[in-house]
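Chemist: Quick check, what structure comes out for this input:
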Amino acid sequence: MTSAELRAAAARRARGRTADSLLEQSSVAIAGALAIVAVVALGVVSYHEPVATIAREVWDGSRMLHAHAIPVHFGIETATLAGTAGASIGWLTAIFVALSVRIGGNVGPLVLVLVALCGALAIADERMRRYGVSLPLRLAALSAMAAATGGIRASEALLAFVAALTVTLLDRFELRPRRVVALVGLAIVGFNLSPYAAILPALGAAATAAALAADRRMTDRVRALLWTSVAMAAASFATPALADLPFRYASIMGWTGTELADSNPASFPAQAYRFGFVPIALAALWFGLRSKRAAGAAAFAVCAALAAFCDAHWLGIAAIVAVPALAASVVAQIPASRQRVASLAAIGVCIVLTGVLTVDRKTHRAPTAIDPALAASLDRMVRDGKTHRIFCTTAALCDAVVARNVRTLSVYMDARPGYPGALRTRASDVASGTAGWRKTLRDAKIDTLVLDTPRAFATLVSLSPGWQLAASSHDVAVYQQVGR
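Modeler: Okay, the predicted model is just below:
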């Protein structure tokens, strides 16, 4: 080649490097801005904890801090289960929420959720960095996780942080006693935060399966992971509820899995919500089968996607676990020359996802104050001095009743997870207006109904003899028995 041709080739290479650099910088800028928008949406727009539930958790945590004891049995605040075990399930979350209100006032629970989620996102980012994921793709993944976790509640946010730590320890598991003790300790903390900590031993089982697939035999590492997973599952007995928590899993998960409208942070129909996790699980499985390097990460992604598919309470936790794993799987499969294109495609997908979830949650966010019709009715019932038994079509509405801590007011069921499956099923049947709803209310001696006005059951009650409208607002109608 002549000197002129060499100079021209060098100039073309320099222009290519400049273009690549500009593409890299613009990718980082766009993804960074998207991540900032998603985190702001997470904290300011999407916070989904109903104020009544916060009030009930503050009441629950405050009485534990005052008495220096954890109540194992339901009290007179419930009309159906007074004296029955189950009240201690999720006690540690109530303690954290009560302390956050003492320290930070009304914004304390929001700060608690933000700190837990930002910690989980930081751990997830470190996982992706170790996997070798590029900065633009990491920022896009962080924005997706922030959008997916923006509507979760305090118990789920704290559990997401515990799950992020658990995956980090399982990801590079070593045969060290301290590693095993740390994993079992995290499982104990998780089960005392929420019954949905069942995902933690499931992640251990996924890590065991991935290690067995990689080693193709029962090595010492596989055995250690297997026994660690068993010990993490046994941690479900290490709560004040003792054996009561593990034996309630079928009823807790089965009920909430069918009530996506109440448990899902977004308002998507159940079929559309569940369908979204099928391609995620299949893609993760495909990545894992194609590459040993991606097998461990893919196993976590499959486990998380299946958990979120079964119950929407795991949605945010699944995002923290699955998104870094999917990003690592992409990096393992795509050549370095094409990763910039993959980063730009991921940024485009995340822009759409962040926008859809943020707009949806802004439209369907939880109320920031107790409904005025419910508050006025409770004030009136407290003043009349009579005993009232209250049924709510949405359990969180009854949290406002429990938070009043008035001996004359009791509820059929509030939003605590310790209620047995049979009672949850009966409550769901009544809220749906199925045959026998009058008998269920009569047997429980219910004299007050707090109804979501959009439900068809509200119309059914308004047309039924024996019930009269006591108060109403745009969202809630309160009915009382005639003569009360």
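Chemist: For this protein, which segments count as strands?
Modeler: 388-392, 409-411, 448-452, 467-472, 476-481 (DSSP state E).
Chemist: Just put those strands in CSV and tack on mean pLDDT, mean neighbour count and distance to Val184.
Modeler: Every residue, glycine included, has its C-beta placed from N, CA and C. CSV is the format used below for the strands of the chain (pLDDT from 0 to 100; neighbours: other Cβ atoms under 10 Å; distance: least, Cβ to Cβ, whole Å):
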stretch, mean pLDDT, mean neighbour count, distance to Val184
strand 388-392, 92, 24, 38
strand 409-411, 92, 23, 36
strand 448-452, 88, 23, 42
strand 467-472, 88, 17, 50
strand 476-481, 89, 22, 44
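Chemist: And those strands: which comes nearest Met64?
Modeler: strand 409-411 (19.5 Å; Cβ to Cβ).
Chemist: that older thread, indicate which one of the strands of the chain is closest to Arg179.
Modeler: Nearest of the strands of the chain (Cβ to Cβ): strand 409-411, 44.1 Å.
Chemist: Can you work out which other helices and strands pack against the closest one?
Modeler: helix 372-384, strand 388-392, helix 395-404 (3 or more Cβ pairs under 8 Å, 6 or more residues apart in numbering; DSSP states H and E).
Chemist: Next, format the ones you listed as a markdown table and append distance to Thr80.
Modeler: Putting the helices and strands packed on strand 409-411 into a markdown table (distance: least, Cβ to Cβ, whole Å) gives the following:
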| stretch | distance to Thr80 |
| --- | --- |
| helix 372-384 | 18 |
| strand 388-392 | 9 |
| helix 395-404 | 11 |
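Chemist: So for Ala69, which of those sits nearest?
Modeler: Nearest to Ala69 among the helices and strands packed on strand 409-411 is helix 395-404; the distance by Cβ to Cβ comes to 18.3 Å.
Chemist: For the closest one, which outside residues touch it?
Modeler: Defining contact as Cβ atoms under 8 Å, 6 or more residues apart in numbering, one finds that helix 395-404 is touched by 50, 52-53, 55-56, 58-59, 77-78, 262, 370-371, 374-375, 378, 382, 390-392, 409-415, 427, 450, 452, 476.
Chemist: and if we set it to 7 Å?
Modeler: 50, 52-53, 55-56, 59, 77, 370, 374, 378, 390, 392, 409, 411, 413-415, 450, 476 (Cβ atoms under 7 Å, 6 or more residues apart in numbering).
Chemist: what do you get for stretch 425-443?
Modeler: 255, 259, 391, 393, 412-413, 455-457, 460.
Chemist: go on, stretch 67-81?
Modeler: By Cβ under 7 Å, 6+ apart, the list of residues contacting stretch 67-81 from outside reads 64, 82-88, 91, 240-241, 389, 402, 407, 410-413, 419, 423, 444.
Chemist: Can you say which of those are buried?
Modeler: Among the contacts of stretch 67-81, those scoring as buried are 64, 84-88, 91, 240-241, 389, 402, 410-413, 419, 423, 444 (criterion: 16 or more other Cβ atoms under 10 Å).
Chemist: Now stretch 307-317: buried residues?
Modeler: Buried, per 16+ other Cβ under 10 Å, within stretch 307-317: 307-317.
Chemist: Keep only those of the contacts of stretch 67-81 that are in helices.
Modeler: 64, 91, 402, 423 (DSSP state H).
Chemist: and which of these is nearest to Gln480?
Modeler: Val402 (18.8 Å).
Chemist: phi, psi of Asp414?
Modeler: In terms of degrees, to the nearest 10, the main-chain angles of Asp414 are phi -110, psi -170.
Chemist: quick one: it and Gly421, what's the gap?
Modeler: 16 Å (Cβ to Cβ, to the nearest Å).
Chemist: who's more crowded, the two?
Modeler: Comparing Asp414 with Gly421 by other Cβ atoms under 10 Å, the one with more neighbours is Asp414, at 25 against 15.
Chemist: Quick one: residues contacting the more buried one.
Modeler: Counted by Cβ under 7 Å, 6+ apart, Asp414 has contacts 56, 395, 398-399, 402.
Chemist: Next: Cys118.
Modeler: Per Cβ under 7 Å, 6+ apart, neighbours of Cys118: none.
Chemist: what's the answer for the one 3 residues further on, then?
Modeler: Neighbour list for Leu121: 142, 145-146 [criterion: Cβ under 7 Å, 6+ apart].
Chemist: Gly108: which of those is nearest?
Modeler: Nearest to Gly108 among the contacts of Leu121, counting by Cβ to Cβ, is Ala146 at 20.9 Å.
Chemist: For the closest one, grab the count of nearby residues.
Modeler: The tally of other residues near Ala146 (other Cβ under 10 Å) stands at 29.
Chemist: pLDDT value on it, please?
Modeler: Predicted confidence (pLDDT) for Ala146: 74.
Chemist: quick one: it from Leu423, how far?
Modeler: According to Cβ to Cβ, Ala146 stands 36 Å off from Leu423.
Chemist: what's Ala52 in contact with, if anything?
Modeler: Going by Cβ under 7 Å, 6+ apart, Ala52 touches 370, 396-397, 399-400, 403.
Chemist: mind showing which ranges of the stretch 101-250 of the chain have poor pLDDT?
Modeler: Where the stretch 101-250 of the chain drops to pLDDT under 70, the residues are 150-151, 175, 242-250.
Chemist: ok, which stretches of it are helices?
Modeler: 108-131, 135-149, 154-171, 177-193, 199-215, 220-234, 249-258 (DSSP state H, counting those that start in this stretch).
Chemist: most tightly surrounded among the ones you listed?
Modeler: Mean neighbour count (mean count of other Cβ atoms under 10 Å) peaks for helix 135-149 among the helices of the stretch 101-250 of the chain, with a mean of 27.
Chemist: same for that one, what does it pack against?
Modeler: Secondary-structure packing of helix 135-149 (3 or more Cβ pairs under 7 Å, 6 or more residues apart in numbering; DSSP states H and E): helix 3-40, helix 108-131, helix 315-333, helix 339-363.
Chemist: And those helices, which one averages the lowest pLDDT?
Modeler: helix 3-40 (a mean of 53).
Chemist: residue contacts, Leu374?
Modeler: 397, 400, 450, 476, 478.
Chemist: how about the residues you listed in TSV, adding distance to Glu156?
Modeler: As requested, those are exported to TSV (distance: Cβ to Cβ, whole Å):
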residue	distance to Glu156
Leu397	20
Ala400	21
Val450	25
Val476	25
Val478	30
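Chemist: Understood, closing this out.
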